[in-house]
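In: Sharing a sequence plus its predicted fold:
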Amino acid sequence: MIKGLFPSVEDILGKAVTSMLAIPEGILMLTVAIFLDACGLLLFILSFAGVGIPLSWMLDAGGIMIFGIWMVTRSILREVIKGVIGKTLGKTLKDHTGTEKTSTSTAKMKKGIQVAKKGVGRGLSLVRFGISTVIELIPFLGDIFPSWTLLVIFEIISGEIES
């Protein structure tokens with residue numbers, strides 16, 4: 001397994017159920033993911049009668065749209081919320097004389113590290129989404145493998161670990 005692609009086992013066990021159930025977004029998206037994976041399993045059974053494969057493609061297209069839009073808006077909304085919080089609390093700390101406590105070079109370095117972390121996080125989310133999409137588009141495998149559910153679990157947990 002590629003290190004950093006998925007959260008470690010300790011991180012998953014530490015935050016899995018409690019963090020997911022504490023976040024309304026987690027409950028909603030996990031419910032949608034479980035529903036889509038359960039429908040896929042039902043379509044797998046129907047595919048032996050020759051009906052499941054065409055319907056499976058429509059289910060996959062719906063899942064790709066739902067989770068693709070969710071992952072894009074989730075990333076954008078997190079940045080907006082962090083920006084509002086940053087403006088509300090103030091961008092720099094000042095001591096009693098009104099001078100900044102951090103030098104400008106240190107502040108630039110911290111900002112550069114934060115930008116790099118955001119880029120890596122978005123890249124890993126894109127990789128996870130790509131893997132789930134490819135698995136779902138493979139006939140029969142996408143029907144029996146719970147890739148949407150695993151995508152939501154890994155995405156929620158990694159988002160909570162980053163923040």
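Out: Good, I have the coordinates. Residues are numbered from 1 along each chain as shown.

In: show me where the chain has strands.
Out: Applying DSSP state E to the chain gives no strands.

In: which residues of it score low on pLDDT?
Out: Across the chain, residues meeting the criterion (pLDDT under 70) sit at 1-22, 81-82, 84-122, 159-163.

In: where exactly do the helices run in it?
Out: Listed in chain order, the helices of the chain (DSSP state H) span 9-22, 24-46, 52-89, 104-137, 141-144, 147-162.

In: Now do the last one: which elements does it pack against?
Out: Contacting helix 147-162 under the criterion 3 or more Cβ pairs under 8 Å, 6 or more residues apart in numbering; DSSP states H and E are the following elements: helix 9-22, helix 24-46, helix 52-89, helix 104-137. For the C-beta atoms, the positions are set from N, CA and C on the backbone; glycine is no exception.

In: and the residue nearest to residue 131 when sequence neighbours are not counted, what is it in contact with?
Out: What sits nearest to residue 131 in space, not counting adjacent residues and going by Cβ to Cβ, 6 or more residues apart in numbering, is residue 147, at 7.5 Å. Going by Cβ atoms under 8 Å, 6 or more residues apart in numbering, residue 147 touches 37, 131, 132, 135, 136.

In: and the first one, how far is that from residue 150?
Out: It refers to residue 37. Distance of residue 37 to residue 150, given as Cβ to Cβ, to the nearest Å: 9 Å.

In: Also residue 50?
Out: Using Cβ to Cβ, we find residue 50 at a distance of 29 Å from residue 150.
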